[in-house]
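Q: turn this into a model:
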Amino acid sequence: MTVTGWIQILLFCAVIVALVVPLGWYMTRVFNGEPTFLSPILRPIEAALYWIGGVDEKREQHWLTYTVAMLFFHIGAFVLLYALMRLQEVLPFNPQGMTAVAPDLSFNTAVSFITNTNWQNYGGESTMSYLVQMLGLTHQNFLSAATGMVLAVALIRGFSRASARTVGNFWVDLTRCTLYILLPICILLTLFLVWQGIPQTLGPYVDATTLEGAKQTIAVGPAASQIAIKMLGTNGGGFFNANAAHPFENPTALSNFVQMAAILALGAGMTNVFGRMVGDQRQGWAIFAAMGILFVAGVLVCYWAEAAGNDAFTAMGLTGGNMEGKEVRFGIVASALFAVVTTAASCGAVNALHDSFTALGGMIPLINMQLGEIIIGGVGAGLYGMLLFVVIAIFVAGLMVGRTPEYVGKKIEAKEVKMAMLAILILPLMYLGWTAVAVVYPAAVASMANAGPHGFSEALYAFTSQTANNGSAFGGLTGNTLFYNTTGAISMLVGRFWMIIPAMAIAGALAEKKIIPASVGTFPTTSGLFVGLVVGVIVIIGGLTFFPALALGPIAEHLAMRTNVLF
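A: Residues are numbered from 1 along each chain as shown. Predicted coordinates for the structure are as follows:
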């Protein structure tokens, strides 16, 4: 570890903190339907979209109607994306003549992009046409990100409203989020990325002659626009197979820093949206502090582990940390920080090969995802995931003081606690259950490149990533098989919607309740004690569910390396 490395980490954290208030202020105005500086330009477009869609923007929806609208919207998105991939051979904007994508891979990929997971069992430059990349994948990057944000806002309204039966209008929230937040920022980010050297073209791939005289085909395409929303919307699906390690996706140290900031920006700002909507910004800062503690702890361990290096390399006289699987233009600190950022959020973009991290360094991305992607998390999804843990923490606090728990003026009762636990516990059931099947099912075992604890970690990482809607891959696992395409798709669907539906049920229940003024006996939820309680509940619940799996995977691998035991 170096002073320069710590300066980079501190600078990054400072930038994220600085973005919280302005983004929170702006997003709150958008979701409240208040005018913004873009309204003179975008308001006529917004109104036209409502007219075309037959949407009454003043008519709000019950939580159940809101949820059903969201589910039908995703069914339509799945059908469109699946059809595009199956028909891409006969569709335009296919200069390389890509053939139709296989049915099971199309199924997995369509589910992946509508759930904001962006798990990819394929190489983008060798599988997808420009039309599929733009109309299919980039399109869903916008809409899946917007969906996560509006669902978080619906849950916030549950906390902020009193004696109400509605939580907003899904179609209005989705339109405003896409039009006023995601599109404007992505336009600016796309221009920045083009300036940094990322291609944005509809021209065919370029043939070049190497210094040795050999022919090389260089893949290009409309990459910059997809990378912009890929990062901002915490999607993570790469235009190229190497993802953010590819020089055409992430060419410079500056582009790497900006992309990392884009991953966390909106998720961090959503905490301020929460504080503003419930009438006390300190509530948002308390949630942000809990997220920040877990994030910094992950960065410390991951950076330390990678800077300490690999014992096998050290024995050969190779010092300076573990550079295996990392890009020289980024180095250890930017690679370790990126790994924590992308798994603290549900992004999944990677600028290094996580499979080549040390055992403990690779364990941190696993833990981040197994906690439920609530350390900043996906745009919106991280906030409503964190609020589920807050509900549990408040319930625990109520048990300790012997009174009905309250949070921002709302009583937390049995229904809310049951829904929160249902959403939280379904995640380990998915990734632990499918991992157990994968390590004994012959066809699944045949896809593993490594035996022993590392092979176990590869399968565990794959199902954890998909269940958590992250999308990053550990590597070393051949995922494009019928088994992994099918089970992975099931994991992504359950991980996304089994958390959304209970969260929306909580939103509806809370919105109908009256707001109770704080009293002497009210547990303060803006203090350091509250932040510590939330962090403690997250760590305890998470540890109880995933520690046995970590003991069989990265921890066992670390102990084997330290004791020179081969496997």
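
Q: for the stretch 301-450 of the chain, which residues score under the pLDDT cut-off?
A: Residues of the stretch 301-450 of the chain meeting the criterion pLDDT under 70: none.

Q: what of the chain?
A: 546-567.

Q: swap the cut-off to 80 and go again
A: Applying pLDDT under 80 to the chain flags the ranges 1, 309-320, 400-404, 451-452, 475, 518-522, 542-567.

Q: how about the strands in it?
A: 206-209, 215-218, 406-407, 410-411 (DSSP state E).

Q: quick one: strands adjacent to the third one?
A: Going back to what we said before, that points to strand 406-407. strand 410-411 (antiparallel) (DSSP bridges).

Q: and if you look at the second one?
A: The strands that strand 215-218 pairs with in its sheet are strand 206-209 (antiparallel) (by DSSP bridges).

Q: distance between the ends of stretch 85-101?
A: Its start and end residues considered, stretch 85-101 measures 5 Å (C-alpha to C-alpha, to the nearest Å).

Q: where exactly do the helices run in the stretch 1-150 of the chain?
A: Here the stretch 1-150 of the chain has its helices, by DSSP state H, counting those that start in this stretch, at 3-31, 39-53, 63-86, 103-114, 124-127, 130-131, 139-160.

Q: so what does the first one touch, helix or strand wise?
A: The reference is to helix 3-31. helix 139-160, helix 170-176, helix 253-277, helix 281-308, helix 331-344 (3 or more C-beta pairs under 8 Å, 6 or more residues apart in numbering; DSSP states H and E). (Glycine included, C-beta is placed from N, CA and C.)

Q: right, and these - which one's nearest residue 85?
A: helix 139-160 (11.6 Å; C-beta to C-beta).

Q: the closest one - contacts with which helices or strands?
A: helix 3-31, helix 63-86, helix 103-114, helix 170-176, helix 223-232, helix 253-277, helix 381-401, helix 482-511.

Q: let me see the contact set for residue 80.
A: Residue 80 makes contacts with residue 136, as judged by C-beta atoms under 8 Å, 6 or more residues apart in numbering.

Q: quick one on the thing from earlier: in JSON lines: the helices and strands packed on helix 3-31, plus mean neighbour count and distance to residue 396.
A: Output for the helices and strands packed on helix 3-31, formatted as JSON lines (neighbours: other C-beta atoms under 10 Å; distance: least, C-beta to C-beta, whole Å):
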{"stretch": "helix 139-160", "mean neighbour count": "26", "distance to residue 396": "18"}
{"stretch": "helix 170-176", "mean neighbour count": "23", "distance to residue 396": "32"}
{"stretch": "helix 253-277", "mean neighbour count": "25", "distance to residue 396": "20"}
{"stretch": "helix 281-308", "mean neighbour count": "21", "distance to residue 396": "14"}
{"stretch": "helix 331-344", "mean neighbour count": "27", "distance to residue 396": "24"}
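
Q: I'd like those as CSV, with distance to residue 226 appended.
A: Listed next are these as CSV, based on distance: least, C-beta to C-beta, whole Å:
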stretch, distance to residue 226
helix 139-160, 7
helix 170-176, 20
helix 253-277, 12
helix 281-308, 26
helix 331-344, 16
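
Q: do you know how far the spatially most central residue of the chain is from residue 328?
A: Compute the mean C-alpha point of the chain, and by C-alpha atoms, centre = their mean the closest residue is residue 346, 1.3 Å away. As judged by C-beta to C-beta, to the nearest Å, residue 346 and residue 328 stand 28 Å apart.

Q: and the most far-flung residue of the chain relative to its centre, its phi and psi?
A: Distance from the centre of the chain peaks at residue 213, with 42.9 Å (C-alpha atoms, centre = their mean). With angles defined as degrees, to the nearest 10, residue 213 shows backbone torsions of phi 90, psi 0.

Q: next up, the contacts around residue 120.
A: Applying C-beta under 8 Å, 6+ apart, the residues near residue 120 are 109, 112, 237, 238, 241, 471, 473.

Q: tell me the contacts of the first one?
A: If I follow you right, that is residue 109. Applying C-beta under 8 Å, 6+ apart, the residues near residue 109 are 81, 85, 101, 120, 121, 122.

Q: and for the third one, the neighbour number?
A: Using other C-beta atoms under 10 Å, residue 101 has 24 neighbouring residues.

Q: which of the contacts of residue 109 lies closest to residue 158?
A: Out of those, the member with the shortest distance to residue 158 (by C-beta to C-beta) is residue 81, at 30.7 Å.

Q: wait, that closest one sits on residue 110?
A: Yes: with contacts counted by C-beta atoms under 8 Å, residue 81 reaches residue 110, the gap being 4.3 Å.

Q: grab the nearest non-local neighbour of residue 353.
A: Once flanking residues are discounted, residue 353 sits nearest to residue 325: 3.3 Å by C-beta to C-beta, 6 or more residues apart in numbering.

Q: pretty sure that neighbour sits against residue 351.
A: No: judged on C-beta under 8 Å, residue 325 makes no contact with residue 351 at a distance of 10.3 Å.

Q: name the residue in these two with the higher neighbour count.
A: Between residue 325 and residue 351, counted using other C-beta under 10 Å, the more crowded position is residue 351 (25 against 15).

Q: quick check: residue 100 vs residue 82, distance?
A: 11 Å.

Q: between the two, which one's more packed in?
A: Shown here are residue 100 and residue 82; by other C-beta under 10 Å, residue 82 has more neighbours (19 against 13).

Q: list the contacts of the more buried one.
A: 106, 107, 110.

Q: the last one: how many residues sit nearby?
A: Residue neighbour count, defined by other C-beta under 10 Å, stands at 25 for residue 110.

Q: that one contacts residue 85, correct?
A: Yes: using C-beta under 8 Å, residue 110 is in contact with residue 85, at 7.0 Å.

Q: how many residues are close by residue 6?
A: Neighbours of residue 6 (other C-beta under 10 Å): 12.

Q: could you number the chain from 51 rather than 1 from now on?
A: In the new numbering, first residue 51, that becomes residue 56.

Q: where's residue 325 relative to residue 340, distance?
A: For residue 325, the distance to residue 340 - C-beta to C-beta - is 13 Å.
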